[in-house]
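Peer 1: the following block contains a protein sequence and its predicted model.
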Amino acid sequence: MLRELLIAAIIFAAVFLLLFKSRLTSRWKFMVQQTVTGGLIIWLLAVGWVAFSGGLEPAAGSRLVYATIEQTRVTNLLQLMNRHPRTTFYVAPAGQPQTFEVKGEVVDRNTNLTVNVTAYIDPADMAAMLALTNVQVGFVHPSMARTTISAAGYMVAYGAFLIGLVCLMVFVQSSAASGCRSRVYRKPEVRLADVAGIEEAKAEAMEVVQFLKNAKKLHALGGKLPRGILFVGDPGTGKTMLAKAIAAEAEASFFNMSGSDFIELYAGVGAKRVRKLFKQALRHRPALIFIDELDAIGGKRNDRQQEESRQTINALLVAMDGFKDKSGVVVIGATNRVEDLDPALLRPGRFDRKVYLAKPDTSGRLAILKVHAKGKPIMVPETSLGALAISTFGMTGADLANLLNEAAITAVTRGLSEISPAELTYARDKVMYGRSRTMVENLEERRIIARHEAGHAVVHFTCKRLPPLYQVSILPRNQSLGSNMLLPKEDAHIQSKELLMEQLCMLMGGRAAEKLCFDTITNGAAGDMSVAREITSAMVCEWGMGTEMYYEPKQPAAEAEINRILKEVLALAADLLKQRSAGVERIEQALLERETLTGEEVRRLLES
């Protein structure tokens, strides 16, 4: 057993010495260390358990020599038993009927050898033997007895088992505390040139890069390095990419963890991870710590919060306060729910700066498309990407990257060697509106859907402020049975009351068309009613566009105002459809025949 312990210690020391001298990254060193430690612990546990359970060699002394006496006479067996009165013989039924098997271990005094004696006797002789001897007789086969080992062997085996068990507990706790989730990137591949569409945020990022590169000049002028920067923006706006670009440009180590990585069931584990993360960053200065989804650990503290969450955020607050101005470590947090963060995190001295990453405008979307189009064979890229940037209002950088990837997949599926504008348009419609699907519908349902979509289209052409109509279809997409697609020609960030009323009127056009044509109401307008309800509620309770100001939703007066606006736009849509009933019928028939109409085709049908 001592040999096994010595081998384990030598292997452990050799691995750690090699890791100390090697040039592996911290992540790979950690993985090798945990793997070797776990393997040695399991080996020590196995060796200790085998020794403790009697699987090792017995103590030094007599050697075993097996001798079998078949059908021994009773007198000879009695003489053997009387010569060795301290020996225990074991009796068990033999394989043959009416026969007993007698086994015993006898030590020969002359040769100091242990002899295994086996005899087979019948029941009558067995009874005589038991009556004539006082030798101990048991009914357990000797092969089931545990081999004896020395007292020193027991101590070594039991000690090895306890040491392995303690090491296993420490190993599990260490693995849970670290989680292998923190990663060091010496040279991230993303650069600021790869980040587009957020020029204001890039300007802030360049300042941080200068802080990290020229920290001595900043201190010489009496300036202080910002301790924390908070990125605030919608999902997909490029917060993680910008943080990696800052680390790459500043040639700083990049530590990346998500807020959920700190949260565990056991109190104190998250706080230990925070301390370990900051300790690693201090060893790799200059360093940048990026904590994504900061609201997962930095939420507002309250009495109902779990002890683990409180300890984690307290550890984060203390760690950021414990920085020295010359530490060379900057913390960047990212969230899209800044209103949920604890005020203690947002004060100067922790997160000194807040950088807002908005959704890109037309020029920003074009720059993002050009970045992600590198390496993709696109026909007439300037024209195609320019038109695509105009028609993708509201999309983030992640959405645009996904759009180009969908276009490449479509081109491969169609057997093309280049991405044409047709594939880009198909991918845009798929990402924005969903993929069209087939559904078995009876003629009556198709008529209702066609009339519903025709009502939307006719009301749209009577409104002057809405974006242009791109396409009308009765093909199902996602959860809708039909669709009216609008594509704005320019970005719009402010919506007037008149524009919102026209939007509500168009939403009510489908319901009004069904009522006028079929004198009934179906559940096909459920999605339209839900959207109209949300818009009207925001108009009354948030934007003050009702007859009076209502600051709390669900009030009876506010609900009455919402219902009044919805009834008003529904009546207006019905009046508009009555005036253009012939146009509604023409569009309905065209949709039943072709299933999809462009905005220009709808306009010609209304004017004919």
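Peer 2: It's in.
Peer 1: please enumerate the strands of the stretch 251-400 of the chain.
Peer 2: Ranges of strands in the stretch 251-400 of the chain, per DSSP state E, counting those that start in this stretch, are 253-258, 287-292, 329-335, 353-357.
Peer 1: same check, this time on the chain
Peer 2: Ranges of strands in the chain, per DSSP state E, are 64-66, 89-93, 100-107, 114-121, 137-138, 184-185, 228-233, 253-258, 287-292, 329-335, 353-357, 469-473, 483-486, 596-598.
Peer 1: ranked by average pLDDT, which of those falls at the bottom?
Peer 2: Of all the strands of the chain, strand 64-66 carries the lowest average pLDDT, namely a mean of 39.
Peer 1: rewinding a little: now tabulate the strands of the stretch 251-400 of the chain in TSV and tack on distance to residue 595 and mean neighbour count.
Peer 2: In short, each C-beta sits where N, CA and C put it, glycine included. Listed next are the strands of the stretch 251-400 of the chain as TSV, based on distance: least, CB to CB, whole Å; neighbours: other CB atoms under 10 Å:
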stretch	distance to residue 595	mean neighbour count
strand 253-258	45	22
strand 287-292	44	24
strand 329-335	44	26
strand 353-357	40	17
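Peer 1: for residue 375, which of the ones you listed is the nearest?
Peer 2: Nearest to residue 375 among those is strand 253-258; the distance by CB to CB comes to 24.4 Å.
Peer 1: and the angle from that closest one to strand 287-292?
Peer 2: Put simply, strand 253-258 runs at 20 degrees to strand 287-292, going by axes from the mean of the first three to the mean of the last three CA atoms, to 10 degrees.
Peer 1: pairing partners for strand 253-258, with directions?
Peer 2: Here strand 253-258 has these sheet partners by DSSP bridges: strand 184-185 (antiparallel), strand 287-292 (parallel).
Peer 1: dump the ones you listed to JSON lines, plus distance to residue 388.
Peer 2: Putting these into JSON lines (distance: least, CB to CB, whole Å) gives the following:
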{"stretch": "strand 184-185", "distance to residue 388": "32"}
{"stretch": "strand 287-292", "distance to residue 388": "29"}
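Peer 1: what about those, which gets the closest to residue 450?
Peer 2: Per CB to CB, nearest to residue 450 of the strands paired with strand 253-258: strand 287-292, 46.8 Å.
Peer 1: got the CA positions of the closest one in PDB?
Peer 2: The C-alpha trace of strand 287-292 is given here as PDB (Å, rounded to 0.1, in the frame of the first residue of the first chain):
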ATOM      1  CA  ALA A 287      -6.900  42.700 -18.100                       C
ATOM      2  CA  LEU A 288     -10.500  43.200 -19.000                       C
ATOM      3  CA  ILE A 289     -13.300  41.400 -17.200                       C
ATOM      4  CA  PHE A 290     -16.600  41.100 -19.100                       C
ATOM      5  CA  ILE A 291     -19.700  40.000 -17.200                       C
ATOM      6  CA  ASP A 292     -22.600  39.300 -19.500                       C
END
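Peer 1: and the angle from it to strand 228-233?
Peer 2: Inter-element angle recorded for strand 287-292 and strand 228-233: 40 degrees (by the same axes, to 10 degrees).
Peer 1: pull the residues that contact strand 287-292.
Peer 2: 212, 239-240, 243-244, 246-247, 250, 252-259, 277-278, 281, 297, 328-334 (CB atoms under 8 Å, 6 or more residues apart in numbering).
Peer 1: just the CA atoms of stretch 557-565, as PDB, please.
Peer 2: Provided in PDB are the C-alpha atoms of stretch 557-565 (Å, rounded to 0.1, in the frame of the first residue of the first chain):
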ATOM      1  CA  ALA A 557     -61.800  55.100 -16.800                       C
ATOM      2  CA  ALA A 558     -58.700  54.000 -18.600                       C
ATOM      3  CA  GLU A 559     -60.300  50.800 -19.800                       C
ATOM      4  CA  ALA A 560     -63.300  52.800 -21.000                       C
ATOM      5  CA  GLU A 561     -61.000  55.100 -23.000                       C
ATOM      6  CA  ILE A 562     -59.200  52.100 -24.600                       C
ATOM      7  CA  ASN A 563     -62.600  50.500 -25.600                       C
ATOM      8  CA  ARG A 564     -63.800  53.900 -27.000                       C
ATOM      9  CA  ILE A 565     -60.700  54.200 -29.300                       C
END
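Peer 1: and residue 375, how many neighbours?
Peer 2: Neighbour count of residue 375, defined by other CB atoms under 10 Å: 6.
Peer 1: what about it, distance to residue 419?
Peer 2: 11 Å (CB to CB, to the nearest Å).
Peer 1: residue 578 too?
Peer 2: Residue 578 sits 46 Å away from residue 419, going by CB to CB.
Peer 1: same thing with residue 258?
Peer 2: Per CB to CB, residue 258 is found 34 Å from residue 419.
Peer 1: the more surrounded of residue 578 and residue 419?
Peer 2: residue 419 (22 against 11).
Peer 1: quick one: the more buried one from residue 360, how far?
Peer 2: Taking CB to CB as the measure, residue 419 falls 21 Å from residue 360.
Peer 1: care to break this structure down by domain?
Peer 2: For the chain, automatic domain parsing gives the domain ranges 2-57+150-178, 64-144, 184-357, 362-432, 443-607.
Peer 1: can you flag the weakest of the ones you listed by average pLDDT?
Peer 2: Among the domains of the chain, domain 64-144 has the lowest mean pLDDT, at a mean of 55.
Peer 1: ok so, going back, closest to residue 602 out of the strands of the stretch 251-400 of the chain?
Peer 2: strand 353-357 (37.8 Å).
Peer 1: how far off strand 228-233 does the closest one point, in degrees?
Peer 2: Computed with the same axes, to 10 degrees, the direction of strand 353-357 lies at 20 degrees from that of strand 228-233.
Peer 1: which residues touch residue 247?
Peer 2: Counting by CB under 8 Å, 6+ apart, residue 247 touches 185, 188, 253-254, 288, 290.
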